[in-house]
Each structure stands twice: as C-alpha cells, then as structure tokens.
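Chemist: The sequence isn't on hand, but the structure is:
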C-alpha cells in the first residue's frame, strides 16, 4: 500500500522556546520510505537526532514568533495482517538488553500495580493469545470518549474511569503486557482511514524474538499504519514537545492512499 | 582510592523465578575495575547483558530453591571532588539523542507536575548552581526517615510527606532537574563510609556536555562512590529484580578501603 | 443472640497524646445493650461524646505512659437476616438532609471516579439487587490478602490492585453505592465468628427510607454483627485515633455467644 | 453592610435529572437575612432541606428541559474584621462531637499526608497565629491561575503544582489546619467586591470554642462575605449538584452594596 502523508503544524510562540519535533516516518523493513521533506518556517537551524532504539528521526530547533512546520512523505507499506496469536512469550531470562527497559513501569503505565488483575484475567492464556485477549478486553471495557482524559491521565486512572482516548488505550495495553512480563513500547504513527486523522498511539509487544504491532483501539487497520517513533509511553513519543508555551493556530494531518 | 566490595545475597524461592541481577561494578574512566567475580548458587545458567546506556552489566538467570549470590570486586576510584557550580546548562536543542529520554517524567519522577515549583524556587539560578540549590533544598526539607516510604512512593508523594529514604531523595533530585529542562538519570552505586552499607541511589545530571554526579542525601562522599547501573528511576536500577516471589534470608554489602 | 464482648488495648506513649476511643456498642433497635463498662488506666479524665449521626459513643482522653483500656459489654442482637434485594432505591430528590453527606466521595471512597464503571456493570439492576450485585462483585474480584493495603489505600487503589482487607472491601462497597446515587456509610462493628477477631468494617446503604447493613466480605454473618459507630470512611470510624505516636503492646478482641 | 444578591442559573437538561441546589443565604448571628426568594422554572416541586451542621438550606428538585433558577436575597452583614491571632487552639480532648468530623481528611483534603510539613513549617506558632501563617503561606506559594485545576484536583495536587483557584486554596487551608489538629470546614459564600463574581470557597477553623472565618485567597474582604453552606470540602458545598448531565447556558452572580 502506497501512502502519502501531509502534516501542517502552525503554532504561535509569544517567547522563544526549544522544540523537539517527531513527525518523520521511520525507515523500517515493513515500511519503505520513498521520499520525505521537512520544512520549518519561523525557527532556527534544524538539528536532526535519531529516535529511541534507533528508530526514526526527531528534530530539535528553536521556535520564535509564528512556527510553520510542514512534513510530506511517500511511503510503501507492506505489512501482512499479523497473526500473533501463536507467537510464544519469551522467557524473561532470554530477553536482550535493549528490550529490558520496556519491562518496567513508566510515568503513565503503572504496570507494578496491575500484577494481580493481569494474572487473574489473562494468566490462563499462552503466548500471543494473551496479548490479543488484553487488547480485546480494553476495546470492550474502556469506552473511547473524546475529552475524557488529559495529559496527566495514567493507565490506572483510565482503568478506574473506564474511559479514554487512543493514548489511554495504548497505555493500558502496554501496562497489561508489562505486568505479564512481556516488554511493550508505545509507537507514534500515521494511520490510513483514521477518522479524524491524528497521530494515533499504537503498541508493540515483544513476542518470540521480535516486536509485534498491536492496536488496542481498532480505530484503523494496522496494515495502513506508518510508524514514526517508539518510547516507554506517551511523553517519549509526542509528535511535538514544546519546552515553553505556544498557542495552536492550526494543525492538520492527511494520509492518502496513492495506489 | 582502592575499594573492595563484597556482596552476599541469600534468598529462598518457593517456586522457580527469573531474576535480573545488577550488582556488577561498571568499568568507567573514573572507576577502574581491577577484578571482580560473580558466583550464583541455586540458579540456572547465567546470561550477562549490558546495562542501560552501555554502562555496566546485568545478569539474567532462573532461581530455584535457595539462591546464594556472591559478588566481589576490587576497584580503583579516582574522582576528584567535582565542582559543578559553574558548569553550564546545555541548551535543549543541543541535547544528543541518547540524553533525551532523561528529560521525560518517569514512573517515580513526575517531573511534569513540578514546573511551577522548580521555576519559582530555582529559576533565578544559572548552570550547576541551580542543581546544587536543588540538592541543598532536598537535604534541608526532606527528612531521612527509615521506613517512611515504600516501593510505590513517588517523588510527588515524598514532596508532600517531606520524608523519605535515599531512593526518594534521588527521585526528587531527578524530578527537579528534569522539570528545569536538565536531563537526569538515577545511578545505583556502592559507597564507602555509608552507614549502614546498602545500594544507595545517586543521580547524574547532564551539564555542559557530560554527566555529573550529584548526591541529594550527602550520606556518603561522592569520591568513594562506585557506580553499577543507570536508568530513569529506581525500577531501572534495582540491584535485583525478581519476577515472582522470594523470601529474603540474608543480605550483606561491605565496602572496604584497601589503601 | 446474646453476645459478650471483651476488648483489651494496651499501648505505650513515650509522650502524652490525646486519644479518641470508639469501642463502645451503640444502643439500637436491633441490638439491645444490656450492660457495658469502659475503664481506662494511664489516662486523664474520660470525656464521652456522642458518635456521628447520633449513633454510639466515643471517648476523649489524654494518654500518658502505659495505656490500659478495657471494655466489656453484653448485648442482645435480634437482627433477622435481611433481604434487601427487593427494597427500592430512593429517588435522590427525596433524600433527607442527614443522609445527603453519604452521597459524596470521601478520603478513601473516590465515588466520583467510578460513574462509568458502576453504570456499565450494575446499571441494569434495580433496587437492592444492585447493591447485592456490587457486594458479590467485590467478593469475587477483590482478594482478601492480609498486608496488601495500608492506611493510605483508597478504593481506587484496591480496585486496581484487586486485593485488600475488610477496610478496602467496605470502601469499595460504599464507593460503588455512592457512584450509583445510593447513600452509603461505613460502620465499625464487632462480629461473632470472625476469625481472627477484629474490628471489621461493614457498610450501610440507604434503601427505601432506612439504612440497611451490607457486608462485602462475607467473613462473618451479619446476624452476629454488633455496631459501634458510623462515618464516611475508615478514618471516621477508627476504634482508636491517636493524635501523636504510641507503641502497640497488646490488643485483644473477644466476642463470645452466651445463649 | 447591607448587600443584595442576585443569582441566575440557566441550564439545559437533555434528560431529566435530580438536582441539589445550595444557593440560599444562611441565617446566622453575623449575617441577618432580611428577605430572599428562590424561584425555579423547568423543575418539579422544590423540596427544601437543611444544610450541614444545621447551617443554611438546600433544595432538591427534578430538572427537565430548560432550567431557570433565580435567587435574590437581601442581607445585613455585621462582621467586625476578626482578629484570630490570639485565639487559642482547643485541646483535642475538649472538642465537641459535632466538630470532630472536621478533624478527618476528606476527598480533596488529604490532611493525613501533611503531618510532617505542617509540623515543620507551622509547629512553632501558637493559637490563631498558626492559622494566619498557614493562610499567608498559601497566598505566597500557591499562584491563583484560572484553569489550572479541575474538579478532581486535591490539596496535595495543588501543593505540588503550586497553582490553583479559590477552591484549591481553601482545600489547602483546611488540610493544613486538620493536619495540625485544628478542625476546619469549607464554606460556600457570596462575596462583595469579588472580581469576577462567583461562589468563592472560604474556610472556617475551630479556635477556642467557636468557628472562625479564614480566607486563604484574600480575593475579597471577609467583612463582606455572606455564607450559604458548610461541609468537609468542595463536594459538600457545591452550589449545584447535578445527578446526571446538563449543559450550562448562562450563569450569573451579582453582589451589590445597598448602603
């Protein structure tokens, strides 16, 4: 599937502030980046850095006045609908060093508080089937309610409230997986057929000896997901981190199928 | 300063469990590891992996019955008492990729909640002096009270309670630094002259273009600190992570000066 | 059922402290207090005050050195096993003034966070059947695990952890009821056949036009429960509130059937 | 000072819901209610009930469609600027039964978490001077920032964030007082010269043998405050509790001096 992505971010900065942008598509085996271009008006020099785990790129700059960031990319996604149900859960003692950090609880994923629940609800299932049951539980029990959570909402908060947005669904998915001893990381992405278009948060879990995409919201098919960055939770993968204050003028994401 | 470190960890496992041990001294410019030996009785094969940020080693194994882990090391520490007060705070847009994760809040360091306090209390100070003022504030305002916190206590909890142990002091230090836009990571360590001997948690902050040790507890001089592992907060640097349940039989840490 | 209650509380006070004791059996239609006696050694003059909602008595005094509080009571309990399943839920606009405070969230009962869960899980049931379903859910989903909670644990904490002691079961019961618009208060009690004997926390909910006992733990039959005090949550009904620090020497509660 | 109060509350109810209104001025020694009138359009019969602690009135009704509540009152306030600095703190063991509930922590006032801070910061002061120091600390350290808190924000949250609105200032005041063993309750009020006019939350503390008004925000002089209702925290004293959902159409409060 060939996709064209267009992003426009317009913000106004009353005072200069440093910004970390993470909108660029990662070059990965199942998503071939054909071309892309990032242009930023109203900013100092762009300083690209690599993303977490070597995946994707991010860009530092100093914004002042009116920021106009534009990103366009063309990408070929070839990702067969994955069947993870029969993939095995790796023994903890076999986990590689780079995967270990994704076992731990993080700011918005208090995995340490969910041991008993996860064991009770999902403990009887083996392998990837356990992950799929978690995703199904989240879709069934946590209503998608726009405005029901904010930037301080954690997985435990959403678990109690039974409401959230895609960020909260992803946090719960990662939390449940980690509580079951399965490494899990968040992934910022673009998604074809997502309504309204946005930067949805997906989750990757470590099954067998590789990362596997999971979507706890089922808002858009994983086949059309294009990944940018990975991290422990929503903070790490924010599409734009502003170290100061800014006012949103306009923001637009478009994902269009070309073939 | 030449130090000899002896660690004995005896635990009983009613059921087999995977364990990640992080007691080994890191080889670093300011601490030369001369020799060390880790032996583990009551465990399956040892699988060493590298620590976070490439610092130190950790060891995976499966424990069953009575676990007897012994670690001995000889290390030469040459670390002049650092004067960080005049080191500059790096501009955010100059931060290298590997340092960025230490800007974000983590499970026990809710840096995102402390913006206003940190700006109000420490915002007028420049460079390393700001960090030193934070450490001083923590030593003055947070009493060291054994048993006042547990494994679920966060920096915000300790900030309200005004009590904690070294783990909480370190969490507050990292939280304040991150809230000020200064990357900070936790460091597990051995410390000469620490009473009682333990695995104290220290903090490293990114000043100028390097990591600098800070101690928010002042329980033992930094000159005699020997570092093992680094991470975002206490979970990442635990000296032993048990994925299951175990009973502590005996645990001992000794740090002895040889010269 | 005629019951004899014996309570012995021995505490040591390094420094004098005010104490509020709430161990006395309330005189109520379904529990006739035949005789009782409170004696307190190691304390200044006793100052009895009435309990919340006019139920039971509490006693203020100043403790110093070794406190020896003894309470003995004989009480006739005549409380037919209640069938609350068909009692109606009162319309909110018909609630009397004295019942209104028990609609609100309290320190350990964050009823305001449970609206969606309670509506989703129990919303289809009418009247007392809704309350019974809540109690059944709590018994089925929250394991009784000694030591799993502490004095800071809230209903939401126990809901996430899926573990607690009778205090937590009672907090969840009151929380669910209030979230459903049903006033609920905690009740401290003695209970025949409770193993080990203790001061269990029960719950009363407002159905129709009266308070009805509910037990979310089913540790002891409600027929043999003897009530002391009521309040919004565990703090209000503590059997002893010490305004200072004291060391527990020995504490014993015995409930014996006389007929 | 003679004041005229006019309140207009217009809300739209998509579905019928029970409502508890608490806008009526309490008849009290220092504020003589001369006349008042509550009219409610778009509601079923009004059922007045007394307020907490016998102070003020509240009104239950069922709202449907468009609710138009109007309240007008004329009240003579004669409240000399109180000097509480020399009033004594009552010994705990002398506290009357009706005051005891205001010692406990509540949903938004986690007084149990602030013992050490309150002792450290205010412990050296005696009597009402301790209360005044608490109010001064709150005004100095907690910025009034519109929109910085929401209905879930607790005293501990505001303490960490160092920001809040009058509700948060009042919660902190009550929290500090209770942590110092001084009963404290919240008071909903009207206030002359408050900009913009609103239902500000004040605090009353128990000093000597009576309740004394305190204002931790200093937004409007206490001399012109007209009290409605009291309670443990913001939930208890909400001017309107809607048990369901409603849309705000317009809401207006005017307080005008007549003499």
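Modeler: Thanks, I have the structure now. If you're wondering where the values come from, they're calculated on a predicted model, not measured in any experiment.

Chemist: Please tell me how far the residue of the stretch 151-259 of chain A found nearest chain B sits from residue A:180.
Modeler: Closest residue of the stretch 151-259 of chain A to chain B, C-beta to the nearest C-beta: residue A:235 (4.4 Å). Placement of C-beta: from N, CA and C, glycine included. Per C-beta to C-beta, to the nearest Å, residue A:235 is found 23 Å from residue A:180.

Chemist: again, but for residue A:46
Modeler: 41 Å.

Chemist: so what's the residue lying closest to the residue of the stretch 151-259 of chain A closest to chain B once chain neighbours are set aside up against?
Modeler: In this structure, residue A:235 finds its nearest non-sequential neighbour in residue B:104, 4.4 Å apart by C-beta to C-beta, 6 or more residues apart in numbering or on different chains. Contact analysis of residue B:104 by C-beta atoms under 8 Å, 6 or more residues apart in numbering or on different chains lists A:107, A:231, A:232, A:235, A:236, B:111, B:178, B:232.

Chemist: Likewise for residue A:31?
Modeler: A:25, A:75, A:76, A:77, A:78, A:79, A:226, A:227.

Chemist: Just give the nearest non-adjacent residue to it, would you?
Modeler: Using C-beta to C-beta, 6+ apart, the closest residue to residue A:31 is residue A:77 (4.8 Å).

Chemist: quick one: the one you found and residue A:227 touch, right?
Modeler: No - the pair residue A:77 / residue A:227 is not scored as a contact, 9.5 Å apart, by C-beta atoms under 8 Å.

Chemist: Tell me which of the two has more neighbours.
Modeler: Neighbours of residue A:77 and residue A:227, each counted by other C-beta atoms under 10 Å in any protein chain shown, are more numerous for residue A:227; the result is 24 against 21.

Chemist: Regarding the residue of the stretch 101-250 of chain A found nearest chain D, what is its secondary structure?
Modeler: Closest contact between the stretch 101-250 of chain A and chain D, by C-beta to the nearest C-beta, is at residue A:150 (8.1 Å). Secondary structure, DSSP: H, G, I helix; E, B strand; the rest coil: residue A:150 is coil.

Chemist: And it, how far from chain B?
Modeler: Using C-beta to the nearest C-beta, to the nearest Å, we find residue A:150 at a distance of 11 Å from chain B.

Chemist: Helix, strand, or coil at the spatially closest residue to residue A:256 that is not a sequence neighbour?
Modeler: In this structure, residue A:256 finds its nearest non-sequential neighbour in residue A:4, 4.7 Å apart by C-beta to C-beta, 6+ apart. Following three-state DSSP, the label given to residue A:4 is strand.

Chemist: Kindly report the same for residue A:153.
Modeler: With three-state DSSP as the criterion, residue A:153 reads coil.

Chemist: Tell me who's in contact with it.
Modeler: By C-beta under 8 Å, 6+ apart, residue A:153 lies in contact with A:108, A:164, A:167, A:168.

Chemist: any idea which element the last one lies in?
Modeler: To tie it back to what came earlier, the one meant is residue A:168. Using DSSP states H and E, the element containing residue A:168 is helix A:166-179.

Chemist: Spell out which parts of the stretch 1-150 of chain A neighbour chain B.
Modeler: Within the stretch 1-150 of chain A, the positions near chain B by C-beta under 8 Å from any C-beta of the partner chain are A:18-20, A:44, A:47, A:49-52, A:58, A:60-62, A:91-97, A:100-101, A:104-107, A:109-110, A:112-113.
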